[in-house]
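*Asks:* Okay, here's the prediction I keep looking at, along with the sequence it came from:
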Amino acid sequence: MNNPHGDIPLENHQIAALFSANYAEARDKFLRAAARRGLAVESHELALAGAQGEVLATDVVLDGPADASKMLVVISGVHGVEGFCGSAIQTGMLDLGAPAQAQARPQGAHDTAVLYVHAVNPYGFSHLRRATQENIDLNRNFVDFSKPLPVNAGYAEIHELLLPPEWPPQPRTEGLLDAYRERHGARGLQRATSLGQHVHADGLHYGGTEPAWSNRTFREILKRYAPKVRELASIDIHTGLGPYGVGERIFASFDEAVLERATRWWGELTSVTTGTSTSIPLTGPIQTALAEECPQALHVGICLEYGTWPMARVSAAMRAEHWLHRHGCADAAKATAIRQEMKDAFFPDAEDWKLAAWQQGSQACRQALRGLEEDAAAKLAA
């Protein structure tokens, strides 16, 4: 891999060990990494049990000075089951002490911190769901609920086709979905399915009618840790879209004026607004909170979206898991298989995928830190 900032010295077996088999193990590794560094952990516990009866929490670690004016926020588990990848990257970066690596560059380095927000959606992470305990897709939940909610007429048309009473779906059901795709194109079907909707509470990509617990918690975290930050970088880690093992860097700032800076830091970026991304524009992404809770800061952010398997497999896994949530299933073996396929669709348990995910994720974090420091140094020299 082309790595302009040098390689992080981890052996393949060490990289593989960063990844976990379940949420409880992932959380334990993250907390242990913080303890090894002597860093405090703030845990926001959810009043529900995990899949193994474990405590569910969004855990926060600040690595660097509390009064830093420059901060990198690394986010995992917005879409629960996608948290395996982000958690591993956060744990590895904690072990390596990212801000400390910059101490050889005194200008700006001493004024930079990394905020790790681990498992924003701990319920989904533990129970192998993308949605929260409220069945909310968090990246559709950061909207202004005092105003009329976004309308997705396309989803209303296909809701019953996506989640029919029987699974697998009958050929007629799939034929009607195919007809919708023919009329509106593959991108049109993706938009209708994934844009977000606020009507069908048991449906896919439900945005809710009020802020979810994870929404409120994330905002509290930003208010506590970032009120004095002037330059804010963010990396929000996801999986499920794009080519296997490729971490697409999607521009995730609302201010187009920072695109040049983001490109200078991370290289070529894609965009949901221009149609160059595998993703589509979302109605209420988590980056909304970064803009609203840190208005004093210049925000430069990306979503790091790792490809896993072909879209047909990922989409089928999502529909099946959501069907299970909506209708239930008396066949325990069938339910277990659906949950396992959901996990596999968003987290390939393969060494090559894990290695690629770590290399690209750690590189993106270091590029952000270098960008923050170099921009600060340039200001001092000006």
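*Replies:* Here it is on my side, so go on.

*Asks:* how about low-confidence regions in the stretch 101-250 of the chain?
*Replies:* 101-109 (pLDDT under 70).

*Asks:* ugh, typo on my part, it should be the stretch 251-382 of the chain
*Replies:* Applying pLDDT under 70 to the stretch 251-382 of the chain picks out residues 376-382.

*Asks:* just the helices in it please.
*Replies:* Applying DSSP state H, counting those that start in this stretch to the stretch 251-382 of the chain gives helices spanning 259-266, 287-293, 311-327, 332-346, 351-381.

*Asks:* what comes up buried for the third one?
*Replies:* In this case it means helix 311-327. Residues 314-326 are the ones in helix 311-327 that count as buried (16 or more other Cβ atoms under 10 Å). C-betas here are computed from N, CA, C, even on glycine.

*Asks:* Equivalent analysis for the second one, please.
*Replies:* Within helix 287-293, the residues that qualify as buried by neighbour count (16+ other Cβ under 10 Å) are 287, 288, 289, 290, 291, 293.

*Asks:* Just put those in CSV and tack on distance to residue 274.
*Replies:* Listed next are the buried residues of helix 287-293 as CSV, based on distance: Cβ to Cβ, whole Å:
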residue, distance to residue 274
287, 17
288, 20
289, 24
290, 21
291, 20
293, 27
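
*Asks:* ok, back up a step: right, and the helices of the stretch 251-382 of the chain - which one's nearest residue 43?
*Replies:* Of all the helices of the stretch 251-382 of the chain, helix 287-293 sits nearest to residue 43, with 19.2 Å by Cβ to Cβ.

*Asks:* pull the CA atoms of stretch 239-250 into PDB?
*Replies:* What follows is stretch 239-250, C-alpha atoms only, in PDB (Å, rounded to 0.1, in the frame of the first residue of the first chain):
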ATOM      1  CA  THR A 239     -18.500  -1.400   6.500                       C
ATOM      2  CA  GLY A 240     -20.700  -3.000   3.900                       C
ATOM      3  CA  LEU A 241     -20.400  -0.900   0.700                       C
ATOM      4  CA  GLY A 242     -17.800  -1.100  -2.100                       C
ATOM      5  CA  PRO A 243     -15.100  -3.600  -3.200                       C
ATOM      6  CA  TYR A 244     -13.800  -6.100  -0.800                       C
ATOM      7  CA  GLY A 245     -11.200  -4.700   1.600                       C
ATOM      8  CA  VAL A 246     -11.200  -1.200   0.100                       C
ATOM      9  CA  GLY A 247     -11.700   1.700   2.500                       C
ATOM     10  CA  GLU A 248     -13.500   4.300   0.500                       C
ATOM     11  CA  ARG A 249     -12.900   7.800   1.900                       C
ATOM     12  CA  ILE A 250     -16.100   9.700   1.700                       C
END
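
*Asks:* that older thread, of the buried residues of helix 287-293, closest to residue 268?
*Replies:* Nearest member of the buried residues of helix 287-293 to residue 268, counting by Cβ to Cβ, is residue 287, at 19.7 Å.

*Asks:* For the closest residue to residue 343 other than its chain neighbours, grab the count of nearby residues.
*Replies:* Nearest non-adjacent residue to residue 343, counting by Cβ to Cβ, 6 or more residues apart in numbering: residue 128, 5.0 Å away. A total of 22 residues lie near residue 128 under the criterion other Cβ atoms under 10 Å.

*Asks:* Let me see the contact set for residue 128.
*Replies:* When the contact criterion is Cβ atoms under 8 Å, 6 or more residues apart in numbering, the partners of residue 128 are 51, 80, 81, 321, 339, 342, 343.

*Asks:* export these to TSV and tack on distance to residue 302?
*Replies:* Converted to TSV, the contacts of residue 128 look like this (distance: Cβ to Cβ, whole Å):
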residue	distance to residue 302
51	30
80	21
81	21
321	27
339	30
342	25
343	25
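
*Asks:* and which of those residues is nearest residue 38?
*Replies:* Ranked by distance to residue 38 (Cβ to Cβ), these are led by residue 80 at 29.5 Å.

*Asks:* still on that earlier bit, gap between the residue nearest to residue 343 and residue 21?
*Replies:* Distance, residue 128 to residue 21, by Cβ to Cβ, to the nearest Å: 11 Å.

*Asks:* thinking again about what came up before, residue 44 is nearest to which of the helices of the stretch 251-382 of the chain?
*Replies:* helix 287-293 (14.2 Å).

*Asks:* tell me how far that closest one is from the chain's mean position?
*Replies:* On the basis of Cα atoms, centre = their mean, to the nearest Å, helix 287-293 sits 15 Å off its chain's mean C-alpha point.

*Asks:* For it, C-alpha coordinates in CSV please.
*Replies:* Extracted in CSV, the C-alpha atoms of helix 287-293 (Å, rounded to 0.1, in the frame of the first residue of the first chain):
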residue,chain,number,x,y,z
GLN,A,287,-21.8,14.4,11.4
THR,A,288,-24.7,16.8,12.0
ALA,A,289,-23.9,16.6,15.7
LEU,A,290,-20.3,17.5,15.1
ALA,A,291,-21.4,20.7,13.3
GLU,A,292,-24.2,21.6,15.8
GLU,A,293,-22.4,20.8,19.1
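
*Asks:* Counting by contacts, list what it packs against.
*Replies:* If you count contacts as 3 or more Cβ pairs under 8 Å, 6 or more residues apart in numbering; DSSP states H and E, helix 287-293 packs onto helix 213-225, strand 231-244, strand 298-307.

*Asks:* Describe which strands the helix or strand where residue 58 lies pairs with in its sheet and in which direction.
*Replies:* If you go by DSSP states H and E, residue 58 is part of strand 55-63. Strand 55-63 sits in its sheet next to strand 41-49 (antiparallel), strand 112-118 (antiparallel), going by DSSP bridges.

*Asks:* what's the most buried one of the ones you listed?
*Replies:* Ranked by mean neighbour count, the strands paired with strand 55-63 are led by strand 112-118 with a mean of 26 (mean count of other Cβ atoms under 10 Å).

*Asks:* Can you tell me what sits against the helix or strand just after that strand?
*Replies:* Following strand 112-118 in sequence order, the next helix or strand is helix 122-127 (DSSP H and E). For helix 122-127, the external contacting residues (Cβ under 8 Å, 6+ apart) are 22-24, 26-27, 46, 48, 50-52, 54, 56-58, 77, 79-81, 83-84, 87, 119, 129-133.
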